[in-house]
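**Q** Got a sequence here, can you build the structure:
(chains A and B)
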Amino acid sequence: MSKSKFEHLEKVRDIIEACYRCGDCRIQFRPAVGRYQVCPVYEAVPGKWEPFFARGKMVLANGLLKGEIKPSQELADMIFQCMICGSCKSSCNVSYHPSLPHPLSQIMDQPKVWEALRAELVRAGFIIPKHAEIFENCERYNNPYAEEHEGRISWIPENRVFPEEAENVLFMGCTESYRMPEILLNIMQILDYAQVDYTVLGLSEWCCGSIAFRTGNQELAQRLATHNYEGFQKAKAIRIITHCAGCYRTLKLDYPSLIQEFKFEIVHITEFIQDLIEKGALKLTKAVNKKVTYHDPCHLGRHMQIYDAPRYIFNHIPGLELVEMQRIKENAWCCGAGGGVKSGFSELALDIAKQRIKEAIETDAETIVTTCPFCLRNLEDAAKALGSECSIEVLDFLELVLLALEE
Amino acid sequence: MAVFDQLRDIVGVDSVSNNEYIRYAYSKDADAVYQAMPDYVVRPKSAEEISIIMQLANREKIPIVARGGGAGLMGGAIAHRGGIILDMTSMRKIIEINIEDQVVTTECGITWAELNKELFKKGFYTGCLGPGSGMSAVIGGGLSHNSVGGGGGAKYGSCCRHVVGLEVVLPQGDIINTGSLCSKYVEHPFSRYGFGADYSGLFLGDNGIHGIKTRATLRIYPKPPYYAGKTFVLKRSNMKYGANIFLEWLTKGGFGIYDGFYFPDYFVLAMNAMKPPTFLPWKELKLSGAAVFYTTEAFSQKELEANVENLDAVVVKNSGTTLGPEIEDGNFAKYHYEMNGHWSFYQNTFGLPRGTQSLTVEAHCPVARFPAVLDHIDKWAAKPEVSESFAYIQKTTGIPPGTGCGSVGLAGENNVELAIGFTTAIRPELRDLNLKLWKDQLDAVIKAGAMHYMLGYVTSRQLVKSGAFSDQFYNFMKGIKKMLDPNNILSPGIFMFEMEDSQ
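**A** Modelled structure (predicted):
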């Protein structure tokens, strides 16, 4: 069997060839396990063609390997309309019972294929214009938002000095630093309350590279990862805490694949807070009389299997009632923001987020809570766009933790 | 006006494409061998749109292939002669669930799973839950293939049995209703028969050659609230014990049996040899004999208990031993029914082992004859040219092909569905050899007197090549096709009706 010129696709050839095109990634209804539909993009786009769900993309990837089609901007415009949410992976060849581990489910990893496809397209020069801007911003400002690098630490109160070294490093994240600084202030308040010894990398922190990993710029991703790795080393970190689900996935899964020596413990803030509650360092005693529903971020849930930590926290907030949406955990409906869709195809991202907000409204909850700034932002945008149709507020989970914190 | 522009005027700009990548993505279905690019892909929204497309296709002599979920295993959803692929999945509205008359009318692009999800809410179901790929397969595809295997085969048989009427767009563009709705005085469909011949039957199991089914009215059934499922291992590997069990169950009235499956001992061993094993409890139990499982339904606990007692007695009499009640105990039946796993069961047996795909030759035969048919297939596998081909595939890929019968499932009408086929490495350089072996095995099954049902491209043509039809019957088929579709635009190639092919 002759090899193609597509290095990235060659690495995932096994996965591409293992797909036998049953089409279960197009649509599924399996009430017994809470699975209602598969692909948010397929459901949202007006032309529901095969390339807008996993099977069609797999056929195209195979076509590239066989040399029957060529990369182009037209192809890029299709392939990039995907959040890489992983719903196709979680519904592929899964028998929904641990006693039935389908052999293919051990190797099928659609997100890996989508990333390889994107890497090939970018390498061939076929880039979504907005992504090209983001790449340039990351090169120039170390963040995707074209904000001056110095602004990364402008959220830090004047009198607050972080040590140069600490066991725990809070990875601030670009979205939190430049767009949602209140999240970082909330984390600071909680960690201070629990007397956690931690620091931040300050201006040594660059974008984690999640956007570059997801949108096919492997070179940029490598540079950003290497830089941050050096920062963590310098800070003598043992543990890195993230709030952003995208940063979490990138640090925990992507960095070790690029940097062999990367051995830090990566912890999401929900896991960290759960641990603090369990140890008694964080006492959530004040009643928060709210009915909330929880949106599982894809990068935290399907990509990293963290479903329980957020729910543990909600269950430890007195007075809080958690009502679940129809699609949760591995079956959760993506918010529509990830994989470069928010920047590259903003209308699509908004349409998908509106669906999620409507699903949340159906629970009769007053609040939809999430644990990722990117989901938060897109859900907020959708809630705003829905206007009077929207009867639900969107909150970061830390707001609830702070409300419940014992004085 | 160019064909593309005409199509765009009919369905709107969002519903037609001649984009290279979109066409390429439709060049494959779930079979592992065939591939062909359509010139256009269209997503119609109504029978009226399809009617106008048919007229256009006749004017321009453009082939049309209707495609549902694209889950077919026989190359039936591919544009072998180019032309138009009609992607029917936009047409997925449920028109009416009529509990009083116990029928549902739906557009044919909805999946079996989606339709049944809505029916379950009302305590009903379609009985036969369609094909084994019913999670992605649509109603139209299931009816075109007379499918079975998605659940309920033992009790309800294959899906065409439950059709009350159809709305069909004929190849020249006429839109007709079959069943009671063919009378303009009937408001709601209630019966398939009574206004002449069974014209619905012309379009059932037709593999898409006589018309495009746009709506179907299906009988629905109250879903019994009680069920039980049990799994057994048989001490004796001889398949006649499996056949005896099935026959005795059926002869004594069925005892509410919803599904009944027999797994030959070699298939159980193969499942256990996979890495990871297909079903962990069987591996842990070191199960080595043939396995049997059933699910039975009832409307009361008392009825259920009686069913179980009677069904069990038959299995025990035929050397069966019950496995424990839970899935973890090896009770595959519980998973099959309770986890709503009807549709995932078949999918899970494809792609085993890694690096391979299955070329299926599934067929039906009477219960009593299945050991003889499978014996015939074993003899096919032992033919020197087949063994040599398998050895060549193993030598060149490192992957040994495997053949046999995965499962034997009760399929109604005293028949079983035999999941026969062979698993092989899929490589471009092996395409011709795999195709040859596939056709050869189809020929063996045809000559063993079994009956294929999902024919698609490969099997419909093999039936002709194997001389299955008498000249008179084949002429009769051709005559009907010619009358309905004089320009042979609908799924050309199936049954080799073109003169140059059929000689």
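**Q** Would you mind measuring from the residue of the stretch 51-200 of chain B found nearest chain A to A:Val401?
**A** Going by C-beta to the nearest C-beta, chain A is nearest to B:Ser136 of the stretch 51-200 of chain B, at 3.5 Å. For every residue, glycine as well, the C-beta is placed using N, CA and C. In this view, B:Ser136 and A:Val401 are 42 Å apart by C-beta to C-beta, to the nearest Å.
**Q** now A:Gln189, what's its secondary structure?
**A** Classification of A:Gln189 using DSSP: H, G, I helix; E, B strand; the rest coil returns helix.
**Q** tell me the pLDDT at it?
**A** Turning to A:Gln189, the model gives it a pLDDT of 97.
**Q** still on that earlier bit, pretty sure the residue of the stretch 51-200 of chain B closest to chain A is touching B:Gly109, no?
**A** No - using C-beta atoms under 8 Å as the test, B:Ser136 is too far from B:Gly109 to be in contact (11.8 Å).
**Q** what's the offset of stretch A:271-291 from the middle of its chain?
**A** Here stretch A:271-291 is found 24 Å from its chain centre; the criterion is C-alpha atoms, centre = their mean, to the nearest Å.
**Q** Go through it and flag the buried ones.
**A** By 16 or more other C-beta atoms under 10 Å in any protein chain shown, the buried positions in stretch A:271-291 come out as A:271-274, A:276-277, A:282, A:284, A:288, A:290.
**Q** now stretch A:146-158
**A** In stretch A:146-158, counting by 16+ other C-beta under 10 Å, buried: A:147, A:152-153, A:155-156.
**Q** Adding distance to B:Phe120 and pLDDT as columns, could you present these in JSON lines?
**A** Below are these laid out as JSON lines (distance: C-beta to C-beta, whole Å; pLDDT from 0 to 100):
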{"residue": "A:Glu147", "distance to B:Phe120": "52", "pLDDT": "98"}
{"residue": "A:Arg152", "distance to B:Phe120": "53", "pLDDT": "98"}
{"residue": "A:Ile153", "distance to B:Phe120": "55", "pLDDT": "97"}
{"residue": "A:Trp155", "distance to B:Phe120": "51", "pLDDT": "97"}
{"residue": "A:Ile156", "distance to B:Phe120": "55", "pLDDT": "98"}
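**Q** mind listing what the most centrally placed residue in chain A touches?
**A** Closest to where the C-alpha atoms of chain A average out (C-alpha atoms, centre = their mean) is A:His299, at 3.1 Å. By C-beta atoms under 8 Å, 6 or more residues apart in numbering or on different chains, the contact list for A:His299 reads A:210, A:245-246, A:248-249, A:338, A:372.
**Q** Let me know the secondary structure of it.
**A** What three-state DSSP gives for A:His299 is coil.
**Q** Stretch B:210-227 and chain A, are they touching?
**A** No - Stretch B:210-227 lies out of reach of chain A by C-beta under 8 Å from any C-beta of the partner chain, never closer than 12.6 Å.
**Q** Name the residues of that stretch that are buried.
**A** Of all the residues in stretch B:210-227, those buried under the rule 16+ other C-beta under 10 Å are B:210-221, B:223-224, B:226-227.
**Q** Find me whatever residue is spatially closest to B:Gly82, sequence neighbours aside.
**A** With C-beta to C-beta, 6 or more residues apart in numbering or on different chains as the criterion, B:Gly82 has its nearest non-adjacent residue at 5.1 Å, and that residue is B:Asp39.
**Q** Ok, B:Pro131 next?
**A** B:Ser147 is the one closest to B:Pro131 (C-beta to C-beta, 6+ apart), at 3.5 Å.
**Q** Check which helix or strand that neighbour maps to.
**A** For B:Ser147, there is no host helix or strand (DSSP states H and E).
**Q** returning to what we had before: show me which pair in the contacts of A:His299 is furthest apart.
**A** The distance between the two most remote of these (C-beta to C-beta) is 12.6 Å, for A:Tyr248 and A:Gly338.
**Q** how close does B:Thr295 get to B:Leu463?
**A** As judged by C-beta to C-beta, B:Thr295 and B:Leu463 stand 33 Å apart.
**Q** Between those two, tell me which one has more neighbours.
**A** Set B:Thr295 next to B:Leu463 and count neighbours by other C-beta atoms under 10 Å in any protein chain shown: B:Thr295 wins out with 26 against 20.
**Q** Neighbour count: A:Tyr248 and A:Gly338, which is higher?
**A** Neighbour count, other C-beta under 10 Å: between A:Tyr248 and A:Gly338, A:Tyr248 has more, with 31 against 28.
**Q** ok, that one - contacts?
**A** Counting by C-beta under 8 Å, 6+ apart, A:Tyr248 touches A:242, A:266, A:268, A:299-300, A:304.
**Q** do the same with A:Ala332
**A** Here A:Ala332 is in contact with A:295-296, A:298, A:301-302, A:325 (C-beta under 8 Å, 6+ apart).
**Q** how does it look with 10 Å?
**A** A:34, A:85, A:87, A:90, A:294-298, A:300-302, A:307, A:324-326, A:356, A:359 (C-beta atoms under 10 Å, 6 or more residues apart in numbering or on different chains).
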